[in-house]
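Undergrad: test case, fold it:
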Amino acid sequence: MQETRKEALTTYVIENQEKFYRLAFSYVRDQQTAMDVVQDAVVKALEHIADLREMAYLRTWFYRILVNESLAHWNKMKREVLWEPEQMKTVLDTAQTMEEGGSEMYTAVMHLPPEMKTVVILRYYEDMTLQEIAQVTGASLSKVKYRLYTGLKKLRGLYEKEVAR
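TA: Numbers count the residues shown, from 1 in each chain. Down below sits the predicted model:
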């Protein structure tokens, strides 16, 4: 049974690796670090696959691990800002590519506070339900709704300022 769970997790990760990378990158804003975050999340998931009570919750369970790993790396990076000029260029180029593909709205989302950004990304970029987001973030459904609507209100305010210019 343990091997079946690991196989299911492996298949799930392979099928969705681009989504996972995109989510991790939205926090850490560095290609290599985003890949490391996803790898760390996969390793942690494989180590704790026995803790997953029902395979039906694999999606939200793994996203929770990934979001937690992303936030941990993001918080660590906030304290350490030691980038070489070449690394900075790579980060800026990758961010520009993602912004061009995702519009100015993506840029605005990236400037939201982490809790709001997580909810907005999971809802609109990963197409999760509010209940799934609550499971992923460990927050109550009402807190998820509050973060989503507050984040959207901030985005609307930014949009209205841009239109007024």
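Undergrad: please pull out the lowest mean pLDDT helix or strand from the protein.
TA: Ranked by mean pLDDT, DSSP states H and E, the weakest helix or strand in the chain is helix 85-110, scoring a mean of 57.
Undergrad: hmm, who's touching stretch 36-44?
TA: 9, 13, 17, 20-21, 24, 27-28, 62, 65-66, 69-70, 73 (C-beta atoms under 8 Å, 6 or more residues apart in numbering). In this view, the C-beta of every residue, glycine as well, is placed from N, C-alpha and C.
Undergrad: need these in JSON lines with secondary structure and neighbour count, can you?
TA: Converted to JSON lines, the contacts of stretch 36-44 look like this (DSSP: H, G, I helix; E, B strand; the rest coil; neighbours: other C-beta atoms under 10 Å):
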{"residue": "Leu9", "secondary structure": "helix", "neighbour count": "19"}
{"residue": "Val13", "secondary structure": "helix", "neighbour count": "18"}
{"residue": "Gln17", "secondary structure": "helix", "neighbour count": "13"}
{"residue": "Phe20", "secondary structure": "helix", "neighbour count": "23"}
{"residue": "Tyr21", "secondary structure": "helix", "neighbour count": "16"}
{"residue": "Ala24", "secondary structure": "helix", "neighbour count": "27"}
{"residue": "Tyr27", "secondary structure": "helix", "neighbour count": "25"}
{"residue": "Val28", "secondary structure": "helix", "neighbour count": "21"}
{"residue": "Phe62", "secondary structure": "helix", "neighbour count": "22"}
{"residue": "Ile65", "secondary structure": "helix", "neighbour count": "18"}
{"residue": "Leu66", "secondary structure": "helix", "neighbour count": "26"}
{"residue": "Glu69", "secondary structure": "helix", "neighbour count": "23"}
{"residue": "Ser70", "secondary structure": "helix", "neighbour count": "26"}
{"residue": "His73", "secondary structure": "helix", "neighbour count": "19"}
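Undergrad: and which of those residues is nearest to Arg156?
TA: Proximity of those to Arg156 (C-beta to C-beta) peaks at Tyr27, which lies at 23.0 Å.
Undergrad: who's in contact with that closest one?
TA: Counting by C-beta under 8 Å, 6+ apart, Tyr27 makes contact with Ala34, Val37, Ser70, Leu71, His73, Trp74, Pro114, Lys117.
Undergrad: that older thread, right, and the helix or strand after the least confident helix or strand of the chain?
TA: helix 114-120 (DSSP states H and E).
Undergrad: helices and strands around the next helix or strand after that next one, which ones?
TA: Per DSSP H and E, the first helix or strand lying C-terminal to helix 114-120 is helix 130-137. With contacts taken as 3 or more C-beta pairs under 8 Å, 6 or more residues apart in numbering; DSSP states H and E, helix 130-137 sits against helix 58-79, helix 114-120, helix 141-164.
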